[in-house]
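Enquirer: Need a 3D model of the following:
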Amino acid sequence: MPDWATAERAEASANACLATKIPFIDAIAEVCEASSADVTTLADILGHDARIGRRGMRP
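Expert: Next comes the predicted model:
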């Protein structure tokens, strides 16, 4: 079990990591729009990667 300070940093880090998914997929949506790619399909493909997941991948 981690100490209090480490647990607090882990929670903050996890929240920051999850918060970056939204602007990331929004930026990818702009790239897809410029290149006629389908961002919804791309996000679904990325979501199949267990390290990324589908949650928060809605442009």
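Enquirer: pLDDT score assigned to Gly56?
Expert: We have a pLDDT of 75 for Gly56.
Enquirer: Now name the helix or strand holding it.
Expert: Under the criterion of DSSP states H and E, Gly56 resides outside all helices and strands.
Enquirer: And for it, nearest residue in space, chain neighbours not counted?
Expert: Lys21 (4.0 Å; Cβ to Cβ, 6 or more residues apart in numbering). C-beta: built from backbone N, CA, C; applies to glycine.
Enquirer: Checking the residue lying closest to Pro2 once chain neighbours are set aside next. Helix, strand or coil?
Expert: Beyond its immediate neighbours in the sequence, the residue positioned closest to Pro2 (Cβ to Cβ, 6+ apart) is Ala10, lying 6.7 Å away. Following DSSP: H, G, I helix; E, B strand; the rest coil, Ala10 is assigned to helix.
Enquirer: quick one: Ala10 from Cys32, how far?
Expert: Using Cβ to Cβ, to the nearest Å, Ala10 is found at 33 Å from Cys32.
Enquirer: For these two, indicate the residue with more neighbours.
Expert: Taking other Cβ atoms under 10 Å, Ala10 and Cys32 do not tie; Cys32 has more neighbours (18 against 11).
Enquirer: show me what contacts the spatially most central residue of the chain?
Expert: Note on the chain: the residue nearest the mean C-alpha position is Lys21, at 2.6 Å, using Cα atoms, centre = their mean. By Cβ atoms under 8 Å, 6 or more residues apart in numbering, Lys21 lies in contact with 52, 55-57.
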